[in-house]
Each structure stands twice: as structure tokens, then as C-alpha cells.
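Asker: Here is the input, now give the coordinates:
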Amino acid sequence: MKRKIDYANLPFFYGYVVAFIGTIGIWASVPGQTIGVSTFTDPVKDALGLTRDQFSAAYMVGTFVSSLLLGKAGRWFDRWGARIVAVASALMLVSTLILSSFSDVLSAGLMTLTGFCHWIVPFSVMMVLFFMLRFSGQGVLTMSSRNMIMKWFDRYRGRVNAFVSISISLGFSSSPILFDWLIRKWEWSGAWRALAMVILVIAVFMWIFYRDNPEELGLVPDGKRGGKRGGGQKKRALKQFLPKEAFATRAFWSYALMLAFNSFFITGLSFHMVDIFTSAGFDRQDAVAVFLPISVVNLCVSLLFNFLSDIMALKKLLYVMLIGGFVWSIGLIGLSGGWGLWAVVAGAGICGGLFAVLNSVAWPKMFGRQHLGAISGRAMSMIVFASALAPFFFSLSKTFFNTYTSMGWLAMGFITFMFFSSLKAGNPQPEEKE
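Answerer: Have a look, this model is predicted:
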């Protein structure tokens, strides 16, 4: 007879297991993130015979369609829980990577079968694959894993997210170097198949260890035991906002739009990173490695403000992120002058560090945990939608202006708008004053 685990009597809080394995789950989404796709951009588009604009447009359409379904995926999370939703998305990501590794074969086969030899065939193949890749990886797997971790903590949410964010930042920032090595060793198709096998193994561990919330195991957030053994100082209960109530607040839109801003520009920078930096006079190796210094700034900012988020007003964190966006904009405008590189590194690091904080702690802190999936799912759909537009807009900037500088000016305009529109974006929780 199988013995049931008494989670309340474990010598450690199971939430830390959830945080550890949830972080690995977010790591597994890297091949579906822009930073993971970007290393494959040049070899895959060349193998398929697509131009940069065509490849970027396929990425845009596939990502845009995936963004339309992420709100629904958030409701799946609320209904079915992290374990089922996250594992299902991981398996979808595995299947997509295997199919993507044969994208050139699929395109050639379709052209032979139909007798229609045109760029629209590989474009359509990549559009479908990008939809699957972005929906499963960047969207559902990331959202469900992050939300699960945040549901296990309340008072210590910021400090736990600090260590989670550090791990994610290190993993994401080092992925272009790892993926570039895999591509050089096994070419782009073999690299995608190798990543699929790794994620399949991770999916097994996710099924074993993922748990949706502490209450289903007789526990409460932060490690206090539930039931009769519960105790300690009683904390004021948060209002549990319905999704429609959350979406009616200025706070939701201010934070979601700023997170989408970060997604847009980091996606554009990542997707075209080689061309952006080589056009400004840097070599390919410098371009691939630029995310390492960004990650150092990201780590420091994330660590500091994750801890401060437990005691500091969220709106102050939002304005630090706005400052980072302004610095980033100036850096992109002056990148060809050399000095702009360090402004890009500093600004992107600040924005990325605050993104890791606000995208995790803001939603449960402002709107409660009960409808976290639906609320964060809407925000995630905006984030993914912004990332869908970025590669194509950056590509158009290069096509029409022969430079990416115009995107820096666009960013400065948006940051100015966000500064004034966020002045009254306080925490909507009753009795919260920011």
C-alpha cells in the first residue's frame, strides 16, 4: 500500500521544493523565449531561404496569435492547477522543438507535394511553429510555473522571488552562448532536438514535484502549518479581486503596459542582437555575449528590489523601471558611438531586474491569489503581444532607415507617456497607501 506523504510534518517547508523545481520549469521555457530563438534566427532563416523581414514577420504573426490565447490559458491555470497545465505545456514545447528541427524538410516536402515553390511555404511553416513555440514556452509554461511559486509565499514572496529571479536571469543570459555552442556542434536542427530531450526529462520532474498551492497539502503560505496547528500573528486578509475588477483599475494597465514595454524592447534586441551590434561596429562574439553584463546588472537590481518589494510601495518600483527604460532608450540611440553600449547594458539590466520583480509579486499583492491565473494571464497576453511586434518593427527600422536608432526614439516617447499616466496607479487594495 502506497504511503501518503504528510507534508505538514516534513522537516522543511515544501514551498522551497516548489520554488526550486518551479525555477527549473521556467528555465525549460528558454527555447520558447526570444533570447532562445534569437541564436537560431540566422541559420534557420538561411536554411529556409527567408529574408530577415519575412522571418521576423512569421515570428510576429505566430507570437501574436499565441497572445490571444494566453488569457484563456490563465483561466486553465485557475481551474486545473499548475501541475497539469505546466506539464502539458512542457510536452507541447518538446513536440514543437522536434517539429522545428525538421522545418526545412517540412517546407521542402510541402513545396514538392503542392508544386508551389514560393517563400510563403516556409513562412507559413515557421508561423505555425512560432505560434506553438511561443504559446507553450514563453506563455503557458512560464506563467504557470511563476504563478505556482508566488502562491506558496506571501510575507516572504519578495525574498523568495529574489533567488528565483537570480537563477532565471543567469540561466536566460547564458543560454545564447550555450545554444550557439550546440548549433556549432550539431547544427541548428540537432541543437533543437537535444533541447527537446532535456525538457522532456524536466517535464517528468515537474509532474512529480509540482503542487498548485499550500492549502491542498494542509499548509499555508510562508511555511506555517494549516488546520489546528496553524498559529502566529494574523495577517490582514487581502481583497480577492475578480478579473473584471482588476482590469478596471489604473494600476493593472500601468504595470501591464510597462512590463509589455520591457518585453517589446528586450525581444527586439534579442531577436536581432547580432545584426544590431555588428551594425554598430561590434563583432558577432561580442553581440552574443552582451547579455552577460546585462545579466549582472539585472541580478543586482532584481536581488535588491525583490527584498525591498516586501516593504516598499510597488509604485516606487515602477518608477525605477521607468528610469531604466529611459537610460535604455538613450543607449540604443547612441549605440554606434560606443558609449551607448553601456547605457543599453545599464538600462536593460534595470528594466529586466524590475520586470522579474513586478511580473511576479505585483499581481498577487495587488489583486490576491484566487484569480491569479486569469489576471496574470491577461498581463502575459499583453507581454507576448508586445514581443510579437518587436522583431518586425526592429526589422522595418533597419530596412527603411538602415539603422535601429528610430526604436530608441519610439521608446523615449512611450516612457514619457507612462510616467504621467502612472502618477495615480496606486495599489488598489483597501487601506493600501502608496
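Asker: Doesn't Glu216 belong to a helix?
Answerer: Yes: secondary structure assignment places Glu216 in a helix (DSSP: H, G, I helix; E, B strand; the rest coil).
Asker: what about it, how many residues close to it?
Answerer: For Glu216, the count of nearby residues is 11 (other Cβ atoms under 10 Å). C-betas here are computed from N, CA, C, even on glycine.
Asker: What is the longest helix of the chain by residue count?
Answerer: helix 157-209 (DSSP state H).
Asker: now that helix, how far from the centre of its chain.
Answerer: Helix 157-209 has its C-alpha centroid displaced from the chain centroid by 13 Å (Cα atoms, centre = their mean, to the nearest Å).
Asker: Check what contacts stretch 66-80 and list those residues.
Answerer: With Cβ atoms under 8 Å, 6 or more residues apart in numbering as the test, stretch 66-80 has contacts from 85, 131, 134-135, 138-140, 143-144, 147, 371-378, 380-382, 384-385, 388.
Asker: Just the buried positions in it, please.
Answerer: Residues of stretch 66-80 classed as buried by neighbour count (16 or more other Cβ atoms under 10 Å): Ser66, Ser67, Leu69, Leu70, Gly71, Ala73, Gly74, Trp76, Phe77, Asp78.
Asker: Same question for stretch 155-175.
Answerer: Neighbour-count burial for stretch 155-175, counted by 16+ other Cβ under 10 Å, picks out 156-175.
Asker: residues contacting Ser421?
Answerer: Counting by Cβ under 8 Å, 6+ apart, Ser421 has contacts Arg250, Ser254.
Asker: Which pLDDT value goes with it?
Answerer: What the model reports as pLDDT for Ser421 is 86.
Asker: Check Ala388 too.
Answerer: Note on Ala388: pLDDT of 78.
Asker: Just to check, Leu195 is in contact with Leu182?
Answerer: Yes: Leu195 lies in contact with Leu182 (Cβ atoms under 8 Å); the separation is 7.4 Å.
Asker: Same drill for the two, tell me which one is more crowded.
Answerer: With neighbours defined as other Cβ under 10 Å, Leu195 and Leu182 compare such that Leu195 has more, 24 against 19.
Asker: one step back: including distance to Gly32, pLDDT and secondary structure, could the buried residues of stretch 66-80 go into a markdown table?
Answerer: Listed next are the buried residues of stretch 66-80 as a markdown table, based on distance: Cβ to Cβ, whole Å; pLDDT from 0 to 100; DSSP: H, G, I helix; E, B strand; the rest coil:
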| residue | distance to Gly32 | pLDDT | secondary structure |
| --- | --- | --- | --- |
| Ser66 | 9 | 87 | helix |
| Ser67 | 13 | 81 | helix |
| Leu69 | 14 | 83 | helix |
| Leu70 | 13 | 79 | helix |
| Gly71 | 18 | 78 | helix |
| Ala73 | 13 | 82 | helix |
| Gly74 | 17 | 80 | helix |
| Trp76 | 17 | 86 | helix |
| Phe77 | 17 | 83 | helix |
| Asp78 | 22 | 82 | helix |
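Asker: Going by distance to Gly347, which of the residues you listed wins?
Answerer: Ranked by distance to Gly347 (Cβ to Cβ), the buried residues of stretch 66-80 are led by Ser67 at 24.8 Å.
Asker: Report the separation between that closest one and Ala73.
Answerer: For Ser67, the distance to Ala73 (Cβ to Cβ, to the nearest Å) stands at 10 Å.
Asker: Run through who's touching stretch 151-171.
Answerer: Stretch 151-171 has contacts (Cβ under 8 Å, 6+ apart) with 14-15, 18-19, 22-23, 26-27, 30, 82, 149-150, 212-214, 221-222, 235, 295, 298-299, 302-303, 306-310, 352-353, 356-357, 360-361, 364-365, 369, 372.
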